[in-house]
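**Student:** have a look; sequence and predicted model below, questions after that.
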Amino acid sequence: MVRKIFLVIACLFLHMISAGMSLSFGVLYREMRIEFGSSQSEAAWIASIFNGLLGLLGIPLSFITNKIGERWPAVCGSVLLSLGMLTSIFATKMSNVYMTYGLLAGLGAGISHYCGYTVLTPHFDNTWRPVAMTVAGAGIPLSALILPPVLTILIEQFDWRKAFMFLACLSFLGIPAGLSFFPPKLHIDSGSESSPGQQNSWKLSLSRCLKNLNYMLYFVTTCVVYLVAYAPATLLPDLMHEFGRSSSEVYSCVMTMGACDLVGRLLSGFLVHKIPSKLALIHSAGIMVLCVSSGLIALSRSIGTFVIMSAFLGLGSGCFFGLHFVTSAQLLPVVDVRFGYGLVLTFGGLSLVAGMPLAGFVSDHFKTERGAFIFSSILFFIGSLLELITGIREVCGQKSRKSYAMESVENTSYVTGEEFQVHSKKRDDVVVVDSSYI
């Protein structure tokens, strides 16, 4: 149990230095845009490439981690992330930052982000998995709480290049975090005669995913929401500056968003721990909170309204991102989680790449940041409705396949021999997948 706790802490730190940095990029985004004289849509490509690579690597990483596990990919990801931050110091134009921060650091962040979630799946049972995953994911809002004031001080005392130097040193600490990953101790059922190669086939995993209607609804929801998932956090500083708010007021709102994101993740995780059957409904409610707060913050003027709406943006964001991987783990059997989540992340990454420039284009077209927030609100509303359909299907018992929790059939009193044999095969699948650590 102690090793599992340290594993969760290691994953929390990896999320802090990967996806967590994207929420703090708004501080650097404005400084670089001013120095290089770039438009909103041009500068948005930096965050777009970085955020897109958080997902685009999903499918390749699912193959790699099935072969060698998450330990060494996580170490390599931390090295790439650190190198990307370090080389950004020497950028002389915006196109340089596309390659250093966007591409190189984005590759490292994408690898670390993926491994920080999938490594947890076999280590926890159905009851504690949502809690472990949301606690690990809490590293993202913790980063949004800690990094903005630190980066602000570095920028004010020195410049944004020194801020990148600090981020490079911080990213390097992800190496020991990755090295702390360890293989789960799972019981191997020798009674299963099925072929491990066949069980672990990506084609079979793809077929099962495509036949799972609830998973496909989750897939479409991800693609829609990811178009603007990071737009509020990235564009909020510019929106507030547009209405004459000071830097201290901006960062108070950013920190409020980060604190409420943390609360949203932990709260949603414990809610699902208590009522797992309502996972999709809770997820849908979180996206709806994002929808309403994104629309209302575009109409804000006073600092009090900005703080309140930032709090709701954080709660909604925490609920959505905190339960995103948990949803994948519940809708799919263990053997398909890596591939299924990788598939969702890859296409979600494409949405992230297109989304930020699209939001920046909307801002440039309407000559105000409010356009991007209203655009985001519309897409959040569509995503919430799609996830609501999944929730209704689950509540009504119309699932396209058994939920993740139903796989522990040997613990029930009505298990048949055939059901136990199926479960044994699934357990062999898990052992085959996670023996890649060794």
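**Tutor:** Ah, there it is.

**Student:** quick one: contacts for residue 316?
**Tutor:** 264, 286-291, 293, 380 (CB atoms under 8 Å, 6 or more residues apart in numbering). Heads up, the C-betas are built off the backbone N, CA and C, glycines and all.

**Student:** against residue 27, how distant is it?
**Tutor:** In this view, residue 316 and residue 27 are 21 Å apart by CB to CB, to the nearest Å.

**Student:** tell me how far the ends of stretch 100-110 are from each other?
**Tutor:** 14 Å (CA to CA, to the nearest Å).

**Student:** next, count neighbours for residue 89.
**Tutor:** Applying other CB atoms under 10 Å, we find 16 residues neighbouring residue 89.

**Student:** oh sorry, the question was meant for residue 374
**Tutor:** As a burial measure, residue 374 scores 17 neighbours (other CB under 10 Å).

**Student:** coming back round to it: which of the contacts of residue 316 sits closest to residue 342?
**Tutor:** residue 287 (21.9 Å; CB to CB).

**Student:** check which helix or strand covers the closest one.
**Tutor:** Under the criterion of DSSP states H and E, residue 287 resides in helix 279-297.

**Student:** could you find the closest non-adjacent residue to residue 394?
**Tutor:** Counting by CB to CB, 6 or more residues apart in numbering, residue 394 lies nearest to residue 280, which is 5.5 Å off, once chain neighbours are set aside.

**Student:** pLDDT at the one you found, what is it?
**Tutor:** On the pLDDT scale, residue 280 is placed at 90.

**Student:** against residue 217, how distant is it?
**Tutor:** 9 Å.

**Student:** quick one: the helices in the stretch 51-200 of the chain?
**Tutor:** All helices of the stretch 51-200 of the chain, identified by DSSP state H, counting those that start in this stretch, fall at 58-68, 71-88, 94-97, 106-118, 129-137, 139-157, 160-172, 174-179, 196-199.

**Student:** returning to what we had before: quick check, the residue nearest to residue 394 in contact with residue 327.
**Tutor:** Yes. The criterion here is CB atoms under 8 Å, and residue 280 meets it with residue 327 at 6.9 Å.

**Student:** what touches both of the two?
**Tutor:** Counting by CB under 8 Å, 6+ apart, the contacts common to residue 280 and residue 327 are residue 218.

**Student:** list phi and psi for residue 230.
**Tutor:** With angles defined as degrees, to the nearest 10, residue 230 sits at phi -100, psi 0.

**Student:** meant to ask about residue 245
**Tutor:** Torsion angles, degrees, to the nearest 10, at residue 245: phi -80, psi 150.

**Student:** nearest residue to it in space, please, no chain neighbours.
**Tutor:** Leaving aside its sequence neighbours, residue 245 sits nearest to residue 303 (CB to CB, 6+ apart; 6.6 Å).

**Student:** now do the one you found: how many residues are near it, please.
**Tutor:** Neighbour count for residue 303, taken as other CB under 10 Å: 16.

**Student:** check it and give its pLDDT.
**Tutor:** So residue 303 comes in at 87 (pLDDT).

**Student:** my guess is it meets residue 249, correct?
**Tutor:** Yes. Counting by CB under 8 Å, residue 303 touches residue 249, with 5.3 Å between them.

**Student:** what about the residue nearest the centre of the chain, which helix or strand?
**Tutor:** Closest residue to the average C-alpha location of the chain: residue 321 at 5.4 Å, with CA atoms, centre = their mean. In this assignment (DSSP H and E), residue 321 forms part of helix 303-331.

**Student:** what residues of that helix count as buried?
**Tutor:** For helix 303-331, a neighbour-count test (16 or more other CB atoms under 10 Å) marks 303, 306-331 as buried.

**Student:** report the next helix or strand after that helix in sequence order.
**Tutor:** helix 334-366.

**Student:** just for the stretch 51-200 of the chain, where's the confidence low?
**Tutor:** The stretch 51-200 of the chain contains residues with pLDDT under 70 at 126, 184-200.

**Student:** for residue 244, what are phi and psi?
**Tutor:** According to degrees, to the nearest 10, residue 244 has phi 80, psi 20.

**Student:** whoops, residue 299 was the one
**Tutor:** For residue 299, the backbone dihedrals (degrees, to the nearest 10) come out as phi -100, psi 0.

**Student:** what's the local residue count around it?
**Tutor:** Neighbour tally, residue 299, other CB under 10 Å: 11.

**Student:** and it, what pLDDT?
**Tutor:** Residue-level pLDDT assigned to residue 299 equals 85.

**Student:** chain neighbours aside, what residue packs nearest to it?
**Tutor:** residue 370 (7.7 Å).

**Student:** didn't that neighbour look like it was pressed against residue 238?
**Tutor:** No. If you go by CB under 8 Å, residue 370 and residue 238 don't touch, sitting 10.7 Å apart.

**Student:** sec struct for residue 300, please.
**Tutor:** On the three-state scheme (DSSP: H, G, I helix; E, B strand; the rest coil), residue 300 is labelled coil.

**Student:** what is the burial count for it?
**Tutor:** Residue 300 sits with 22 neighbouring residues when counted by other CB under 10 Å.
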